[in-house]
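A.B. asks: one predicted model, sequence on top.
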Amino acid sequence: MQQSSPMAIARILDANLNRAREGLRTVEEWCRFGLNHQHWAEECKQLRQALAPWHQDDLRAARDTPNDVGTQLTHPQESQRTDVRALLQANLCRVQEALRVLEEYGKLRDPAMGACCKQLRYRVYALESGLLGAKLVQKLRQCSLYLVTSPQENLLATVEAALQWGLKLVQYRDKDTEDQLRWQRAKDLRQLCTQYGALFLVNDRVDLALAVNADGVHLGQQDLPIAVARQLLGPDKIIGRSTTNPEEMAKAIAEGADYIGVGPVYATPTKAGKKPAGLDYVQYAAANSPLPWFAIGGIDSGNLGEVMEAGANQVAIVRAIMEAPDPSQATAQLLTQLGRINS
Ligand SMILES: Cc1ncc(COP(=O)(O)OP(=O)(O)O)c(N)n1
Ligand SMILES: Cc1nc(C(=O)O)sc1CCOP(=O)(O)O
Ligand SMILES: [Mg+2]
């Protein structure tokens with residue numbers, strides 16, 4: 001059994017504090033500049049800051065790089081990063097390993113250091129699932145057509161008709177129904193969407209989204225702040241935000257929305273009284289949005305061409321499907337125009 005050497009322990013702590021902080025900084029840069037994701041960028045920063053007070057002068061002073069036998073040790077995978085995902089994965093793994101070492105050796109120095117590093121390691125697991133497990137958002141990026149429902153007697157049959165043609169994204173929007181029934185309908189739609197492999201979001205209501213395990217929510221400017229919804233829903237669920245102008249777009253990005261609605265493109269009775277943002281804002285979104293975005297408002301097969309010419313690849317629709325004489329045919333027509341019969 002080896003006697004514990006304070007110098008050796010100080011070197012281990014110093015090396016792993018550096019490793020954890022560098023790894024976090026690498027991930028943070030992508031959250032900030034690659035994803036424009038304020039929530040995750042801040043989480044990385046806070047994790048780094050939580051480690052900083054433990055990196056005391058005596059630990060730095062123990063550093064002895066010339067005599068560190070590990071500086072020449074590399075693994076072939078370190079020089080083979082195929083893409084940003086692999087880079088993030090490697091760095092998050094590095095941070096988790098370093099935190100585990102800090103937890104174990106930190107206990108020898110101060111039990112509070114061990115406990116702190118354990119908590120930080122759990123937060124890094126959450127960061128990892130948020131960043132790399134965001135499969136729902138990746139799926140949303142593939143959806144060219146977004147059906148936003150309106151209340152009607154044959155709600156399920158109408159949505160199913162669209163799903164049969166390959167629709168992959170549905171939002172349950174229902175302003176007036178009492179909660180018991182709304183919850184029942186949301187459950188039925190959730191099940192239907194699961195059956196067809198489609199994403200299912202709930203408009204306005206985070207509680208309802210949670211209650212039926214929806215894939216996310218859509219929030220307008222008057223609805224809950226995104227940070228509150230994120231806290232309730234966790235990092236993996238999709239949160240969409242309506243925007244009408246560049247300022248709202250910038251705010252939604254900064255707040256950590258996963259996608260935005262861009263509209264109303266045209267005046268629409270579904271959102272009576274809301275002034276159209278027009279095709280100019282569609283063009284602006286096409287040039288500037290780093291997030292997936294859906295043009296919405298008054299869009300049908302007759303004007304879809306000009307909305308696409310303005311730069312939209314993804315559109316959200318209420319009446320042109322929900323009130324179509326033949327929702328199947330309407331969906332097929334829209335998907336064909338969007339160039340993707342299957343999504
Ligand atoms: C995809 C999408 N975009 C915009 C909206 C509108 O949301 P909001 O402004 O909150 O208005 P209501 O739909 O709640 O009346 C949306 N629902 N979906
Ligand atoms: C629900 C909604 N939100 C809009 C926005 O611009 O934020 S426009 C809109 C209504 C879209 O319905 P339709 O396809 O029937 O015109
Ligand atoms: Mg709303």
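C.D. replies: Sure thing, it's come through. Ligands and ions are numbered 1, 2, ... in the order given.
A.B. asks: so what pLDDT did the residue of the stretch 101-250 of the chain found nearest ligand 3 get?
C.D. replies: Closest residue of the stretch 101-250 of the chain to ligand 3, C-beta to the ion: residue 220 (3.3 Å). C-beta coordinates here come from the backbone N, C-alpha and C atoms, glycine included. Per-residue pLDDT puts residue 220 at 97.
A.B. asks: report whether stretch 264-278 contacts ligand 2.
C.D. replies: Yes - between stretch 264-278 and ligand 2, judged by C-beta under 6 Å from any ligand atom, the touching residues are 264, 268, 270, 271, 274.
A.B. asks: which SS class is the last one?
C.D. replies: The three-state label for residue 274, taken from DSSP: H, G, I helix; E, B strand; the rest coil, comes out as coil.
A.B. asks: next, count neighbours for the residue nearest to it when sequence neighbours are not counted.
C.D. replies: Among residues not flanking residue 274 along the chain, residue 264 sits closest, at 5.4 Å (C-beta to C-beta, 6 or more residues apart in numbering). Other residues lying near residue 264 total 22 when counted by other C-beta atoms under 10 Å.
A.B. asks: verify the contact between residue 264 and residue 298 for me.
C.D. replies: Yes - with contacts counted by C-beta atoms under 8 Å, residue 264 reaches residue 298, the gap being 6.2 Å.
A.B. asks: need the overlap of contacts for those two.
C.D. replies: Counting by C-beta atoms under 8 Å, 6 or more residues apart in numbering, the shared contacts of residue 264 and residue 298 are residue 276.
A.B. asks: if we can go back for a sec, need the three-state assignment for the residue nearest to residue 274.
C.D. replies: coil.
A.B. asks: verify the contact between residue 323 and residue 150 for me.
C.D. replies: Yes - the pair residue 323 / residue 150 is scored as a contact, 7.5 Å apart, by C-beta under 8 Å.
A.B. asks: once you drop chain neighbours, what's closest to the residue of the stretch 101-250 of the chain closest to ligand 3?
C.D. replies: Among residues not flanking residue 220 along the chain, residue 242 sits closest, at 4.4 Å (C-beta to C-beta, 6+ apart).
A.B. asks: distance of the residue of the stretch 101-250 of the chain found nearest ligand 1 from residue 323?
C.D. replies: Across the stretch 101-250 of the chain, the shortest distance to ligand 1 (C-beta to the nearest ligand atom) belongs to residue 220, at 1.8 Å. As judged by C-beta to C-beta, to the nearest Å, residue 220 and residue 323 stand 22 Å apart.
A.B. asks: out of those two, which sits in the busier spot?
C.D. replies: The neighbour count for residue 220 versus residue 323, taken as other C-beta under 10 Å, is higher for residue 220 (17 against 13).
A.B. asks: and that one, its phi and psi?
C.D. replies: phi -90, psi -180 (degrees, to the nearest 10).
A.B. asks: same check on residue 145?
C.D. replies: Phi and psi for residue 145, reported as degrees, to the nearest 10, are phi -120, psi 130.
A.B. asks: contacting residues for it?
C.D. replies: Counted by C-beta under 8 Å, 6+ apart, residue 145 has contacts 167, 168, 169, 314, 315, 317, 331, 334, 335, 338, 343.
A.B. asks: what's the answer for residue 277, then?
C.D. replies: Neighbouring residues of residue 277 by C-beta under 8 Å, 6+ apart: 244, 245, 262, 263, 264, 265, 297.
A.B. asks: wait, what's in contact with the closest residue to residue 223 other than its chain neighbours?
C.D. replies: Residue nearest to residue 223 in three dimensions, not counting chain neighbours: residue 204, with 5.5 Å by C-beta to C-beta, 6+ apart. Applying C-beta under 8 Å, 6+ apart to residue 204 gives the contacts 173, 175, 217, 218, 219, 220, 223.
A.B. asks: show me which of the residues you listed are buried.
C.D. replies: 173, 217, 218, 219, 220, 223 (16 or more other C-beta atoms under 10 Å).
A.B. asks: just checking, the fifth one touches residue 241?
C.D. replies: Yes - in this structure, residue 220 is within contact of residue 241 by C-beta under 8 Å, at 7.5 Å.
A.B. asks: and residue 146, that one's in a helix?
C.D. replies: No - per three-state DSSP, residue 146 lies outside any helix segment and is strand.
A.B. asks: lovely, talk soon.
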